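Novice: no letters, just coordinates:
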């Protein structure tokens, strides 16, 4: 079975690096993007099995990126999207799910939670 590819879109380099290291050590292939525009470039050139995206990025919000991903005209297969935010609360979580995200994770992301979620989404 081929390695699954996860795209991490976050303007915080330390968040990207910590998630990259954790998930790569578990055997997944990791791509990184520092903003929504770069994430779209990655998604446009290669298949990703999961998108982990920050909500608050400077050029495009995670919600705008999610909207692009779920638009049927952009990708042949749509990866599940998990949004992350330092200001996560119940209302934002509901908004994320209504917009099409699998869930909203609170930052800093708890590593056991992200590991469990990624296994659940990719190892089916």
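Specialist: Yes, it's here. Since this is a predicted model, take the numbers as computed values, not measurements.
Novice: and what about residue 31, helix, strand or coil?
Specialist: strand (DSSP: H, G, I helix; E, B strand; the rest coil).
Novice: what's the pLDDT at it?
Specialist: What the model reports as pLDDT for residue 31 is 98.
Novice: ok, now residue 1?
Specialist: According to the model, residue 1 carries a pLDDT of 47.
Novice: residue contacts, the residue nearest to the spatial centre of the chain?
Specialist: Nearest to the geometric centre of the chain sits residue 52, at 1.2 Å (C-alpha atoms, centre = their mean). With contact set as C-beta atoms under 8 Å, 6 or more residues apart in numbering, residue 52 has these partners: 6-10, 19, 82, 84, 114. Where you see a C-beta, it was placed from the backbone N, CA and C, and this is true even at glycine.
Novice: do residue 62 as well
Specialist: Residues counted as contacts of residue 62 (C-beta under 8 Å, 6+ apart) are 9, 36, 53-56, 83-85.
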